[in-house]
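In: Need a 3D model of the following:
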Amino acid sequence: MSLALLLGATCGAGVLLLLQAVLRPRPGVGVQVARLDAARRSTHRRLLSAAEAAASAAPQAGLPVVGRLTGRLVDALADRLEVAAAERGWQLRRTRADLAVLGRSTGEFLATKVVAGLVLLLVVPLSWGGLRLSGVPLPGGVPLPLALLLAAAGFFAPDLALRADAQRRRRDFRRVVGVFSDLVAMNLAGGRGLPEALLASASVSDYWALVRLRQALANARLMGTTPWQALGDLGAELAVDELSDLAGALVLAADDGAKIRASLSARAATLRRREMADTEGEAGEKSQSMLVAQLLLCTAFMVFLAFPAVSNLLGQS
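Out: Alright, predicted model coming up:
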């Protein structure tokens, strides 16, 4: 009985905090200014290519009314959690870099964590109540440790998914940086200036990484900053060291007059060799995993064949 009361109090406190987060009054002026400043610094991550925009809009068009209402509630919770993060000064540097690579907001990620934790927290008592109503003999107390364990798993599972998706996306971005370096070198060989070569190289496709580079360069032109500074800021925001190194090389070329064409070609070749080495390493790891799986299958098959004979020998003895 005490466990049931404790679980009910925990669920009630969670619902109360959720309602307080969604229905809290409008934030102050300082928080609004901080949010506008953060949006101004990272407007390029909101842009999508035409293919990505169509892919994201297609599932929402077919949602029923309940799904759209749930989506609006989640959006309201995400907005409130983003305000709360700004109020409390949460840095979340690694998480923000991963979210920037994926083009997601901090509030959306925090709302996903909260909703997943609450859903998995309610799975155990709802399943327990359903089984009790159906006549299954169960103990009187709700398994509170299991519910808390599932809630913790649901709360931290989005972090693991975010890390994996961001790592895959960042690797793709590094490959694009190598191609972008080659394109810049070719445009410089054609007689274009460095800013024009950068913008022309980023405009050859609507691929998501080139869209991010193109928007960073366009924002630099509008805000009166240098293109290499914009690329450096983008590399720091996305935690892509190769883009930051490219920005440093461009700074040397612009300030000291260093020869940049050979340097860009060499950097692109280095990135390609590194990508090839990483691909070969992953292929080797997968080959080793397949070898271990084959050994386990062979061992299980040998045990299956030898079991009748061993069983007969033990029975005769």
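In: Which parts of the stretch 201-317 of the chain are helices?
Out: Taking DSSP state H, counting those that start in this stretch, the helices of the stretch 201-317 of the chain run over residues 208-223, 227-238, 241-256, 261-316.
In: possible to save the ones you listed as JSON lines with mean pLDDT and distance to A166?
Out: C-betas here are computed from N, CA, C, even on glycine. Output for these, formatted as JSON lines (pLDDT from 0 to 100; distance: least, C-beta to C-beta, whole Å):
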{"stretch": "helix 208-223", "mean pLDDT": "90", "distance to A166": "13"}
{"stretch": "helix 227-238", "mean pLDDT": "91", "distance to A166": "9"}
{"stretch": "helix 241-256", "mean pLDDT": "81", "distance to A166": "14"}
{"stretch": "helix 261-316", "mean pLDDT": "84", "distance to A166": "16"}
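In: So for L162, which of the ones you listed sits nearest?
Out: helix 227-238 (13.8 Å; C-beta to C-beta).
In: For the closest one, which helices and strands make contact with it?
Out: Using 3 or more C-beta pairs under 8 Å, 6 or more residues apart in numbering; DSSP states H and E as the contact criterion, the elements in contact with helix 227-238 are helix 93-102, helix 194-202, helix 208-223, helix 241-256.
In: Looking at those, which is nearest to A78?
Out: Among those, helix 93-102 sits nearest to A78 (C-beta to C-beta), with 11.8 Å.
In: Walking through the stretch 1-150 of the chain, point out its helices one by one.
Out: Taking DSSP H, counting those that start in this stretch, the helices of the stretch 1-150 of the chain run over residues 2-23, 29-41, 50-61, 65-88, 93-102, 106-133, 144-189.
In: if we can go back for a sec, make a markdown table from the helices and strands packed on helix 227-238 and add mean neighbour count to it.
Out: What follows is those, written out as a markdown table (neighbours: other C-beta atoms under 10 Å):
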| stretch | mean neighbour count |
| --- | --- |
| helix 93-102 | 18 |
| helix 194-202 | 20 |
| helix 208-223 | 19 |
| helix 241-256 | 17 |
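In: got TSV for these, with distance to L138 too?
Out: TSV is the format used below for the helices and strands packed on helix 227-238 (distance: least, C-beta to C-beta, whole Å):
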stretch	distance to L138
helix 93-102	39
helix 194-202	61
helix 208-223	50
helix 241-256	55
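In: gap between stretch 133-150 and the chain center?
Out: 34 Å (C-alpha atoms, centre = their mean, to the nearest Å).
In: Ok, stretch 189-205 next?
Out: For stretch 189-205 - counting by C-alpha atoms, centre = their mean - the centre lies 30 Å from the chain centre.
In: what's next to that stretch, contact-wise?
Out: Outside stretch 189-205, the residues that touch it by C-beta atoms under 8 Å, 6 or more residues apart in numbering are 180, 183-184, 187-188, 210, 213-214, 217-218, 227, 231, 250, 253-254, 260-261.
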